[in-house]
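In: What follows is a predicted structure for the sequence shown.
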Amino acid sequence: MVVCARPPLVERLGQEFFRKIPNQPGVYSMRDATGAVVYVGKAKKPSEPVEQLSRANPERVSRRHLRLLREVTRIDFDLCHTESAALEPRNKAPPRAKAKFNRAECGPARRNS
């Protein structure tokens with residue numbers, strides 16, 4: 001008989017955390033054990049991408065995602081009333097460019113002067 005281990009985030013944060021994830025537009029910050037932000041995301045429903053990561057099978061995800069899953073110990077949410085408010089650059093989220101697992105092209109758009 002093969003016993004499947006619980007996904008890393010569920011093991012660390014618990015099932016109850018994932019039941020209580022907000023379902024309105026906002027920004028979510030994933031943090032490591034030191035409190036450093038390792039990933040910042042914006043979503044119409046933050047519950048969707050966070051729940052996808054919670055169900056990730058460690059044997060089937062990329063190495064990058066696996067490293068992220070191993071490092072995350074806390075997820076914070078900064079909710080907004082509308083999706084456009086979540087996308088405003090002046091929101092309270094930490095800069096994406098400084099988050100270890102955000103890709104460089106995800107940073108703020110540059111303007112040509």
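Out: Structure's in. What do you need?

In: Where does the most centrally placed residue in the chain sit: helix, strand or coil?
Out: The chain has M30 as the residue nearest its centroid, 4.9 Å off, counting by Cα atoms, centre = their mean. At M30 the chain is in strand, as set by DSSP: H, G, I helix; E, B strand; the rest coil.

In: Identify the residues contacting it.
Out: V37, V38, Y39, V40, G41, L68, V72, R74, I75, F101 (Cβ atoms under 8 Å, 6 or more residues apart in numbering). From N, CA and C alone the C-beta is placed, and that goes for glycine too.

In: Just give the nearest non-adjacent residue to the last one, would you?
Out: What it means is F101. Closest residue in space to F101, ignoring its immediate chain neighbours: Y39 at 4.3 Å, by Cβ to Cβ, 6 or more residues apart in numbering.

In: List the beta-bridge partners for that neighbour.
Out: M30 (DSSP bridges).

In: burial of it, as a residue count?
Out: Using other Cβ atoms under 10 Å, the number of residues around Y39 comes to 22.

In: Pretty sure it sits against K100.
Out: Yes. Using Cβ atoms under 8 Å, Y39 is in contact with K100, at 7.3 Å.

In: Could I get the full set of helices for this protein?
Out: 8-13, 15-19, 47-54, 63-71, 83-87 (DSSP state H).

In: and the fourth one, what other elements does it pack with?
Out: This points to helix 63-71. On a contact count with 3 or more Cβ pairs under 8 Å, 6 or more residues apart in numbering; DSSP states H and E, helix 63-71 meets helix 8-13, strand 37-43, helix 47-54.
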